[in-house]
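Undergrad: A predicted structure for the sequence below; I have some questions about it.
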Amino acid sequence: MKITVVGTGYVGLVTGACLAEMGNQVVCLDSNPGHIAALQNGLLPIHEPGLLDLVLRNTRGGRLTFTDDVNRAVAHGSVQFIAVGTPADEDGSADLQHVLAAAQAIAERMQEPRLIVNKSTVPVGTADRVREVIARVLLARGLPELAFSVTSNPEFLKEGSAVQDFMRPDRVIVGADNEQAAQALRMLYAPFMRNRDRFILMDIRSAEFTKYASNAMLATRISFMNELALLAEKLGADIEQVRTGMGTDPRIGTHFLYAGTGYGGSCFPKDVKALVHAAQEAGQALHILHAVQAVNERQKQVLIDKIVARFGPDLCDRRFALWGLAFKPGTDDMREAPSLVIIEHLLARGAEVAAYDPVALAQARRVLGERPGLHLVSQATSALEGADALIIVTEWKEFHSPDFAHLAIALRQPIIFDGRNLFEPAAIKALGIEYHAIGRAPP
Ligand code: UDX
């Protein structure tokens, strides 16, 4: 099939590369010429495992091209994916300007029937707005009979495993209002679902809602576990054992029950906010999601509370090693990363911070800039030198089995504040290391 993907961010780039991998002819459009030039030279704007290989293989194979030429992009694909950003507006609602501009650009140029597939995360009812924009422009162009369909196909990929998630999806949700559009998308996705049909067809509004509902549910599980972890500490229980016990109930399941430093990233914070806003507009309160947000804000500071409880409120003359800057392992994405909140608090209290991340140092430098007291270092071990304690913020694999003997020597005092519960408290205590984790009973 001939496919155009509008937007070369996370979703657009992964969608384009994976569709090309299956033999489709894909043109990816972005309005930023610098971005396109970089992609044409095989430089990706994001760190995502497996994506570079996929992009290089398919550009060399002639199935994947990048352009900032809107005319060419609209002329190419019978299917036009919209995968542009929907950042949070000031009031928390999703900003649709890029989605509607993409619809307008397609409508202004299309000469043949087009299937528009909305992959951006958008509020319920957006497909109707996209349809209105296109119909209005076609009418103004004197082409009211030119056929087009608008469908919803939300993306569920996770950063760090985005390629895998796309190539082997748990589900492909499609919202369509006609059989022809549904059939075209069923065919497009069939190669990704051989031997396991995961195609779920529904009405367009339900498809749009499913994305928000899924992310809100996952965020709720995390905040719920984070609150239970705080209570576990007070009651002398161990949240890790509780999690294991809970997760074996198939109705609960084992995923997304990990207490930590709060959820971050480009999706959960923004999408929960947007859903709360949409509910308010619809005159329906979402009490649970208000609490989910409040708990998450609180949770980002939980390690600071522990550090202050241990060292006192004044952290002048203290130095901390911090491992894990991106919002989670496997990505260099710093959006809404708990590390940002933790670093702000430490610097504000006068501490020095030596921070390390396996892939996010450049992004961190860009986001944090030059800050007195903040040192971004390129080795996990060099962050430790002379620090009063180690703070672990994300669960990169390389943090799971550090050289504890070296760690105990390099730190001024052998103390770990672990925001991801990577170690067994008793084992760490046996090594002579003081250990503060989330919701864990003291050994
Ligand atoms: C999420 C959704 O999982 C994905 O389906 C959607 O398309 C986009 O948003 P992503 O933001 O890439 O994906 O990351 P995810 O792995 O879901 O983690 C989100 C945040 O929750 C991270 O900050 C992570 O550390 C945190 N988290 C996750 C927990 O604190 N505990 C858990 O048990 C799971």
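TA: That came in fine, so what should we check first? Only a predicted model underlies this, so the values are computations on that prediction, with no experimental measurement involved.

Undergrad: Gly264 touches Arg335, doesn't it?
TA: Yes - between Gly264 and Arg335 there is a contact under C-beta atoms under 8 Å: 6.8 Å. In this view, the C-beta of every residue, glycine as well, is placed from N, C-alpha and C.

Undergrad: anything in contact with each of the two?
TA: Residues touching both Gly264 and Arg335 (C-beta atoms under 8 Å, 6 or more residues apart in numbering) are Phe327.

Undergrad: Show me where the stretch 251-400 of the chain has its strands.
TA: Counting by DSSP state E, counting those that start in this stretch, the stretch 251-400 of the chain has strands at residues 319-323, 352-356, 374-376, 389-392.

Undergrad: OK, contacts around Arg298?
TA: Applying C-beta under 8 Å, 6+ apart, we find Arg298 in contact with Gly262.

Undergrad: before we move on, what about the one 4 residues further on?
TA: Val302 sits next to 226, 230, 261-262, 419, 438 when contact means C-beta under 8 Å, 6+ apart.

Undergrad: what does the model give the residue in the stretch 51-200 of the chain that the ligand sits nearest to for pLDDT?
TA: Residue of the stretch 51-200 of the chain nearest the ligand, by C-beta to the nearest ligand atom: Glu159 (3.5 Å). Note on Glu159: pLDDT of 92.

Undergrad: and it, how many neighbours?
TA: 24 (other C-beta atoms under 10 Å).

Undergrad: Doesn't it lie inside a helix?
TA: No - checked against DSSP: H, G, I helix; E, B strand; the rest coil, Glu159 lies outside a helix; its state is coil.

Undergrad: So it sits against Pro329, correct?
TA: No - at 9.7 Å, Glu159 and Pro329 do not qualify as touching, with contact defined as C-beta under 8 Å.

Undergrad: As TSV, the strands of the stretch 251-400 of the chain with mean neighbour count and distance to Glu179 would be great.
TA: Shown next, in TSV, are those (neighbours: other C-beta atoms under 10 Å; distance: least, C-beta to C-beta, whole Å):
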stretch	mean neighbour count	distance to Glu179
strand 319-323	26	53
strand 352-356	23	54
strand 374-376	18	54
strand 389-392	25	52
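
Undergrad: Let me have the ones you listed in TSV, adding mean pLDDT and distance to the ligand as columns.
TA: Putting the strands of the stretch 251-400 of the chain into TSV (pLDDT from 0 to 100; distance: least, C-beta to the nearest ligand atom, whole Å) gives the following:
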stretch	mean pLDDT	distance to the ligand
strand 319-323	98	14
strand 352-356	98	17
strand 374-376	98	20
strand 389-392	98	12
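
Undergrad: As TSV, the ones you listed with distance to Glu240 would be great.
TA: Below are the strands of the stretch 251-400 of the chain laid out as TSV (distance: least, C-beta to C-beta, whole Å):
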stretch	distance to Glu240
strand 319-323	20
strand 352-356	25
strand 374-376	31
strand 389-392	15
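
Undergrad: Show me what from the protein comes close to the ligand.
TA: Counting by C-beta under 6 Å from any ligand atom, the chain comes close to the ligand at 155-159, 215, 218, 222, 256-258, 260, 263-265, 267-268, 327-328.

Undergrad: Filter those residues down to the buried ones.
TA: 155-157, 159, 215, 218, 222, 257-258, 260, 263-265, 267-268, 327-328 (16 or more other C-beta atoms under 10 Å).

Undergrad: can you tell me which residues contact the nearest residue to Pro358 once chain neighbours are set aside?
TA: Nearest non-adjacent residue to Pro358, counting by C-beta to C-beta, 6 or more residues apart in numbering: Trp396, 5.6 Å away. Going by C-beta under 8 Å, 6+ apart, Trp396 touches 323-324, 329-330, 357-358.

Undergrad: among these, which one has the lowest pLDDT?
TA: Lowest-confidence member of these: Gly330, scoring 92 (pLDDT).

Undergrad: Touching, that one and Glu159? I think so.
TA: Yes - in this structure Gly330 lies within contact range of Glu159 using C-beta under 8 Å: 6.8 Å.

Undergrad: Check the separation of the first and last residues in stretch 158-167.
TA: Length of stretch 158-167, first residue to last, C-alpha to C-alpha, to the nearest Å: 12 Å.

Undergrad: And Gly369, how close does it get to the ligand?
TA: From Gly369 across to the ligand, the span is 23 Å (C-beta to the nearest ligand atom, to the nearest Å).

Undergrad: Give the buried residues for stretch 310-318.
TA: 311, 315, 318.

Undergrad: Identify all contacting residues around that stretch.
TA: 307-308, 346, 349-352, 388-389, 415, 436.

Undergrad: repeat that with 10 Å
TA: Contact with stretch 310-318 is made by 304, 307-308, 320, 345-353, 373, 387-389, 412-413, 415, 417, 434, 436, as judged by C-beta atoms under 10 Å, 6 or more residues apart in numbering.
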